[in-house]
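*Asks:* Pasted the sequence and its predicted model underneath.
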Amino acid sequence: MTAPLTRRNVLELLDEQVARVPQHVAISWIDPDGTRSLTWEQYRSQVELVATGFLGLGVRSDDTVALLAPNVVEHYVADLAALSCGAATVSLYPTLAEDQLAHILGDARPSVVVTATRADAERIARSLPGDLQCEIVCLESVAEGAESAYIAWAELGGGTQEQVVSARSELEARRCQRGDDDPAVYVYTSGTTGMPKGVTLTHRNLLSQIDSFDRMGFFRGGYRTVSYLPLAHVAERLWSLYFPLASGGSVLLCPDQRNLEKYVHMQRPTFFMGVPRIWEKLRDRVNTMLASEPYLSRATEIEADRAVLAQSWAQKQDRPLSAEQEIREMQAREGVLADIRRDLGLEWAVNPGSGAAPLSDDLRDFWASLGVYLINAYGLSETTAVAVWERMGGSHRGSSGFAAPGCEVAIADDGEILVRGATITPGYRGLSAAESGISEDGWFSTGDIGHLDEAGRLYVTDRKKEIIVNGAGKNIAPSWVEEKVTGKGFLSQSIVIGDGRPYLVSLITVNPDLLHSFARERGIEGDLADLVRHPEILQEASRLVDAGNQRLSRPEQIKRFLLLERQWTVDSGELTPTMKLRRKIVTERYAHLVDAMYSEAHDGSTESIRGSMAIGPAAR
């Protein structure tokens, strides 16, 4: 276990950087006038201004401040300003469905919500509990002379220096009262019931995770990163908000993931972690580069060097390289492949990582052939993101690595992965530790199945819980999605699939009697195999699925589906004796049809794609 913490709360890190590197760039962003930035001294000044404004709005210690905004500087400033007032924060996914947003607001009960746009502010106003007194602050400005029902950000942070000085004693008193066991942030993640649960992360959790990464050497020689995932994602908060506070490094804010390649090239991060979908998009960028000059004319050289690195990577899974092989590997890394990494902006990346969803061997092998050795980390919101991390140079295929400093990993008798340490949440908001899956001796039950090898590396092999983690790292409760479709019209049973995939697809059975009735009313003839292919049947099925999608956030929505003429039964083995769906059996039996739904390009025209892909008969 690591040594006791020397700080009581995260804000002490901000003061340390102001004292150590006041004029170094802390945070940067791009606007129409070019690149703008705040030094550490300016960053703290902005935090103090907004914290003073929060005091004026009545924010108290132990309150919650919610944030619905992209990766913009105001989001970061408001987060630290809320902590300065003794409050905890919660960032909200912009893709939340209305009932999910209402649930989180009702559970977190914020005294202030900061939104990016007036449309967001209106969403918040509609979703707030009727008995909650809450101020809404909006970053979007209104026309001069126009009235607004919301507080303008400029007004919130527009206090005078005298007001800031006057508020300092109150802010300092509140900060001194906050201990390491007080909540710093609530991260809402999917539960098995479908509605998000608020994971409480304390100052101790965050400081312990910072200490863990410091011990692994991540902050040596400087720290640069790019912020691009929603700040509702615990990993994004870790690497772009808290790690710069600890290291005195800088973060470049990328509010639109479509521009990520440009931002990575500009920032040249020393730390870069992406969900598998991000690494897939960057792979597409590499392939585009290789098909054009100056790399097209160097194709032979590139192919030879990639073959050397691919062979070295494969061999290192089983045995060390010889001295001669190590030299060849070094030379291959330092040749034209170094130019490719430089053009991507990844030449400084130390331990580039992937997490939140399974990383395919093909994707890992591709990057290894370029000299980018991806770390397949493991962790959850409840473990403050990372619990297991492979150390540099020791990556093994299929492994997530070793327990991070300060963490312990064990395997329960039924194969479930257990984690214990200072980064483990004290529990979900409003629930006890026991109700949150934490044992009396501190072990957190992850809901995942895995094993440890003789060296202590963790291999995650299955999910005990049925939560889907899509290719972007979003946690999705399948039953929550399926219930929006199951039993609607002539649709009968459904299963959604999407673990590690870019979007959700669904297999849907039909109710024979209801489908035949629907067909007769429209003069459609044929047996079930014919009906599940009929354009008018598919159009109605699409309408029913679309109706269900309207009640779901974007990542939860079904993009493609297949209609099957045969229902799943106990006798066929797809249902348990208690009529529960055997997900693994169903997905295995229909694997070729599922793969077909992902094999064709997804052009965004979900309705027409679904129609063309809704086929039968079912696999026997």
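*Replies:* Okay, I see it.

*Asks:* Leaving aside the residues adjacent along the chain, what's closest to residue 290?
*Replies:* residue 302 (6.7 Å; CB to CB, 6 or more residues apart in numbering). For glycine as for every other residue, the C-beta is placed from the backbone atoms N, C-alpha and C.

*Asks:* and the one you found, what element?
*Replies:* Applying DSSP states H and E as the criterion places residue 302 in helix 299-316.

*Asks:* average model confidence for that helix?
*Replies:* In this model, helix 299-316 has an average pLDDT of 94.

*Asks:* now stretch 422-437
*Replies:* 94.

*Asks:* With stretch 196-209 instead?
*Replies:* Averaging pLDDT along stretch 196-209 gives 95.

*Asks:* Which stretches in the stretch 301-450 of the chain count as strands?
*Replies:* For the stretch 301-450 of the chain, the strands defined by DSSP state E, counting those that start in this stretch cover 353-354, 375-376, 388-389, 402-403, 407-411, 416-421, 444-452.

*Asks:* Need the winner for burial among those strands.
*Replies:* Ranked by average neighbour count under the criterion mean count of other CB atoms under 10 Å, those are headed by strand 388-389 at a mean of 26.

*Asks:* Check the secondary structure at residue 164 for me.
*Replies:* The local conformation at residue 164, judged by DSSP: H, G, I helix; E, B strand; the rest coil, is helix.

*Asks:* count of neighbours near it?
*Replies:* Neighbour count of residue 164, defined by other CB atoms under 10 Å: 16.

*Asks:* who's in contact with it?
*Replies:* 48-49, 52 (CB atoms under 8 Å, 6 or more residues apart in numbering).

*Asks:* Of those, just say which sits nearest to residue 412.
*Replies:* residue 48 (47.5 Å; CB to CB).

*Asks:* Would you confirm that that closest one contacts residue 175?
*Replies:* No - with contact defined as CB atoms under 8 Å, residue 48 does not count as touching residue 175 (11.6 Å).

*Asks:* Look at these two and report which has more neighbours.
*Replies:* Between residue 48 and residue 175, counting by other CB under 10 Å, residue 48 is the more crowded of the two (23 against 19).

*Asks:* What distance do you get for the more buried one to residue 166?
*Replies:* According to CB to CB, to the nearest Å, residue 48 stands 11 Å off from residue 166.

*Asks:* residues near residue 111, how many?
*Replies:* By the criterion of other CB under 10 Å, residue 111 has 21 neighbours.

*Asks:* What are the neighbouring residues in contact with the closest residue in space to it that isn't next to it in sequence?
*Replies:* Leaving aside its chain neighbours, residue 111 sits nearest to residue 63 (4.4 Å; criterion: CB to CB, 6+ apart). By CB under 8 Å, 6+ apart, the residues touching residue 63 are 82, 85-88, 110-112.

*Asks:* any weak-confidence spans in the stretch 301-450 of the chain?
*Replies:* In the predicted model, the stretch 301-450 of the chain carries pLDDT under 70 at residues 357-358, 392-395.

*Asks:* hang on, the earlier thing: tell me which of the strands of the stretch 301-450 of the chain sits nearest to residue 199.
*Replies:* strand 444-452 (10.8 Å).

*Asks:* by contact count, what packs against the closest one?
*Replies:* strand 407-411, strand 416-421, strand 458-463 (3 or more CB pairs under 8 Å, 6 or more residues apart in numbering; DSSP states H and E).

*Asks:* These into a markdown table, with extra columns for distance to residue 329?
*Replies:* Shown next, in a markdown table, are the helices and strands packed on strand 444-452 (distance: least, CB to CB, whole Å):
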| stretch | distance to residue 329 |
| --- | --- |
| strand 407-411 | 31 |
| strand 416-421 | 33 |
| strand 458-463 | 25 |
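
*Asks:* and stretch 174-189, which residues are buried?
*Replies:* 174-175, 178, 180, 182-189 (16 or more other CB atoms under 10 Å).

*Asks:* Which of those residues fall within helices?
*Replies:* The helices, defined by DSSP state H, take in 174-175 from the buried residues of stretch 174-189.

*Asks:* re the thing from before, quick check: phi and psi on the residue nearest to residue 111?
*Replies:* With angles defined as degrees, to the nearest 10, residue 63 sits at phi -70, psi 170.

*Asks:* Against residue 149, how distant is it?
*Replies:* For residue 63 relative to residue 149 (CB to CB), the value is 21 Å.

*Asks:* Repeat that for residue 288.
*Replies:* 47 Å.

*Asks:* just residue 293 next, same as before
*Replies:* 56 Å.

*Asks:* so where do the strands sit in the stretch 101-250 of the chain?
*Replies:* 112-115, 135-138, 151-152, 183-190, 196-202, 224-227, 250-253.

*Asks:* Of the ones you listed, give the one that comes closest to residue 214.
*Replies:* Per CB to CB, nearest to residue 214 of those: strand 224-227, 15.0 Å.

*Asks:* And the closest one, what does it pack against?
*Replies:* Counting by 3+ CB pairs under 8 Å, 6+ apart, strand 224-227 packs on strand 250-253, helix 260-267.

*Asks:* for residue 491, phi and psi?
*Replies:* Dihedral angles for residue 491 - degrees, to the nearest 10 - are phi -80, psi 140.

*Asks:* The one 5 residues further on too?
*Replies:* Note on residue 496: backbone dihedrals following degrees, to the nearest 10 are phi -100, psi 150.
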